[in-house]
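[1] what's the 3D shape of this:
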Amino acid sequence: MKSQTVGLIASVLFGMQAAAQAPYQMVFQDEFEGDQLDTNIWEYMIGNGQNYGNAGWGNNESQYYTSLSSNVNVSGGSLNIIARQQNYMGYNYTSARIRTQNNLDIKYGKIEARMKLPSTQGIWPAFWMLPTNSPYGGWAAGGEIDIMESINVANTVHGTLHFGGQWPNNTSAGGSYSPGVDFSADFHTYTIEWEPDTMRWYVDGTLYRSLSRANWWSSNAPDNDRAPFDHQFHLLLNCAVGGNWPGYPNGSSVFPQQFQIDYIRVYQRVQAPFGGTAAVLPGVLEAEEFDEGYPGDAYFDCDIDNNGGAFRTGVDVDIEAIPSGGFNVGYICAADWMEYTVDVQTPGEYNAVARVASDPGAGAFRIERDGTDLTGAVNIPATGGWQTYVDVPFTITLQAGVQTLRLQNATFNGDRFNIDRITFESAVDCVADTNGDGVLSPADFSAWVAAFNAQASECDQNGDGSCTPADFSAWVANYNAGC
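    This is a model prediction of the structure:
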């Protein structure tokens, strides 16, 4: 059995412009190879729903779910859920239902399965999601995401969201796809792209329905435009018999019916440096070039959308154009933060300068790495205008290599501020950096040659006060020693 979690990413983007989206990366796959269901991931749900506080599974269904191999097994490279007409535990039908709750919980991503559907009157296969720990109350205030459902004859598939108030004050939205295909004749791939602000349903790569956050809501979170689909959900697979929606088997129905799943794969957008390359330090961090990724992973803003309307217009962070040129991250409020992937080429102490503005109050921020405060509070004065910038110096000690720094708002009294950029200059005396760009590179050799020819002070690498060929050997030694 190959069931692999490839480092599920803690949650949490969309609203990002396509050009600025972090790429999808597979974080989970179950290929259903071997001969056993991976119960480290999947849990059998047994019975008629009564043990789960949901008798009849909420739909007056006719089956009793079991973990018997005659109802659920892994063989031939697929998971097989088999609905049978048989007397069992007082019911006339048996089938299976499994879930990943607390074993594989997902917030945002692309979720897909390659499946072959059953087809007969009264059959109801489903690949869907429920909230793992809903902060918004019971069904459907907490939401439901139906990736694929089919009822009766398998010529139509459905993708649906359930939301609103708790039953019976709930509602739904979604779409259906009927391309003239018998979905029981072969395997097809069913996909949902779940982003913070958008849901998209696909069959075999064809988009057939898209909904935005304007199409859903939760009565228990009226001020949260993303609720209830902004927290962790888990996967479910089942094949029901009968129920309120499909109706019930009749004389035309044929059993057993088999729901086959070839694989399930989950992808998420991984946090990545803006533009794909870590910012080099010493150097300049432009505030608006924070990492790409989901909100809550790469950044957090106290309100939804880019209310500054500039640059990365699809992300939540408020970015404004600066009249004198460039962009700022604006109106940074309590609890806001942004992360930056940086490549520190010169470890040690840095003299840093933040270009900031605030009106009418003041503010503060700190820089963290892995939860460790590296700077303490860097206090920002009231500058007399949102576009009236001042330079605020501070010091920070950085270790070498690629790492993620978090700029965390440290203001908790309601004051807000704008930040344009932070300049980092090494406090270490690095004499081999002859071009003065703060980074050791082959360009420094050309700069040393120019300094030697001009008999400039940068040529003096051995500190004897003169510029001689001996300084070349000293420059090589200084370069190799680093800064």
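[2] Per the annotation, how does the protein divide into domains?
    3-269, 274-426, 443-481 (automatic domain parsing).
[3] tell me the pLDDT at Asp373?
    You'll see Asp373 listed with a pLDDT of 97.
[4] May I ask you to name the longest strand in this protein?
    If you go by DSSP state E, the chain has its longest strand at strand 257-269.
[5] Report the distance from that one to the chain centre.
    Mean-position distance between strand 257-269 and its chain equals 20 Å (C-alpha atoms, centre = their mean, to the nearest Å).
[6] Pull the residues that contact whichever helix or strand comes after that strand.
    Using DSSP states H and E, the helix or strand that follows strand 257-269 in sequence is strand 279-281. For strand 279-281, contacts defined as C-beta atoms under 8 Å, 6 or more residues apart in numbering pick out 273, 285, 289, 340-346, 350, 398, 424, 438-439. For glycine as for every other residue, the C-beta is placed from the backbone atoms N, C-alpha and C.
[7] Check the residues you listed against His158 and report the nearest one.
    Pro273 (39.5 Å; C-beta to C-beta).
[8] Now the closest residue in space to that closest one that isn't next to it in sequence: which helix or strand?
    Among residues not flanking Pro273 along the chain, Thr341 sits closest, at 3.8 Å (C-beta to C-beta, 6 or more residues apart in numbering). In the assignment (DSSP H and E), Thr341 maps to strand 337-344.
[9] just Ser446 next, same as before
    helix 443-454.
[10] Against which helices or strands is that helix packed?
    The contact analysis (3 or more C-beta pairs under 8 Å, 6 or more residues apart in numbering; DSSP states H and E) places helix 443-454 against helix 470-481.
[11] how far is the helix it packs on from where the chain is centred?
    That offset, for helix 470-481, works out to 47 Å (C-alpha atoms, centre = their mean).
[12] so how far is Met129 from Lys116?
    21 Å (C-beta to C-beta, to the nearest Å).
[13] So between those two, which is more surrounded?
    Each of Lys116 and Met129 has its neighbours counted (other C-beta atoms under 10 Å); Met129 has more, 23 against 20.
[14] Cross-check the contact I'm expecting between that one and Gly142.
    No. The criterion here is C-beta atoms under 8 Å, and Met129 misses it with Gly142 at 11.2 Å.
[15] Count the residues that sit near Gly314.
    16.
[16] Distance check, it against Glu195.
    10 Å.
[17] And Pro381, by the same measure?
    Counting by C-beta to C-beta, the gap from Pro381 to Glu195 is 39 Å.
[18] Settle it for me: which of these two has more neighbours?
    Ranked by neighbour count (other C-beta under 10 Å), Pro381 and Glu195 place Glu195 first, with 20 against 14.
[19] Who are the contact partners of Tyr263?
    Tyr263 touches 29-32, 113-114, counting by C-beta under 8 Å, 6+ apart.
[20] His89 and Tyr64 touch, don't they?
    Careful, residue 89 is Met and not His. Yes. At 4.8 Å, Met89 and Tyr64 qualify as touching, with contact defined as C-beta under 8 Å.
[21] if you count what's nearby, which of these two comes out ahead?
    Neighbours per residue, other C-beta under 10 Å: of Met89 and Tyr64, the larger number sits with Tyr64, 21 against 11.
[22] what's the one helix or strand the more buried one maps to packed up against?
    Following DSSP H and E, one finds Tyr64 within strand 63-65. Counting by 3+ C-beta pairs under 8 Å, 6+ apart, the packing neighbours recorded for strand 63-65 are strand 91-95, strand 233-241.
[23] ok so, going back, list the contacts for the residue nearest to Pro273?
    So Thr341 contacts 271-273, 278-279, 291, 402-404 (C-beta under 8 Å, 6+ apart).
[24] Also Gln271?
    Taking C-beta under 8 Å, 6+ apart, we find Gln271 in contact with 9, 22, 291-294, 297-298, 339, 341, 404.
[25] For the stretch 51-200 of the chain, which segments count as strands?
    Ranges of strands in the stretch 51-200 of the chain, per DSSP state E, counting those that start in this stretch, are 63-65, 72-75, 78-88, 91-95, 97-99, 105-106, 109-116, 123-131, 144-149, 157-164, 170-177, 188-195, 198-203.
[26] Take those strands and lay them out in TSV including distance to Arg226 and mean pLDDT.
    What follows is the strands of the stretch 51-200 of the chain, written out as TSV (distance: least, C-beta to C-beta, whole Å; pLDDT from 0 to 100):
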stretch	distance to Arg226	mean pLDDT
strand 63-65	33	98
strand 72-75	35	98
strand 78-88	32	98
strand 91-95	34	98
strand 97-99	24	98
strand 105-106	15	97
strand 109-116	15	98
strand 123-131	13	98
strand 144-149	13	98
strand 157-164	11	98
strand 170-177	15	98
strand 188-195	10	98
strand 198-203	11	98
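[27] Could you point out which of those sits nearest Ala474?
    strand 109-116 (54.7 Å).
[28] what's the closest one in contact with?
    Contacts for strand 109-116 (C-beta under 8 Å, 6+ apart): 24, 27, 78, 125, 127, 129, 147-148, 183-184, 186-194, 202, 235, 258-269.
[29] Could you list the low-confidence segments of the chain?
    1-21, 438, 482-483 (pLDDT under 70).
[30] Mind listing the residues bridging to Phe127?
    Met148, Leu237 (DSSP bridges).
[31] which residues touch it?
    By C-beta under 8 Å, 6+ apart, the residues touching Phe127 are 113, 115, 146-149, 190, 235-237, 261.
[32] out of those, what pair is the most spread apart?
    Checking these with C-beta to C-beta, the most distant pair is Asp146 and Ile261, at 15.6 Å.
[33] List the strands paired with the strand holding Thr341, with their directions.
    strand 279-281 (parallel), strand 299-300 (antiparallel), strand 401-409 (antiparallel).
[34] Among the contacts of Thr341, name the buried ones.
    Among the contacts of Thr341, those classed as buried by 16 or more other C-beta atoms under 10 Å are 271-273, 278-279, 291, 403-404.
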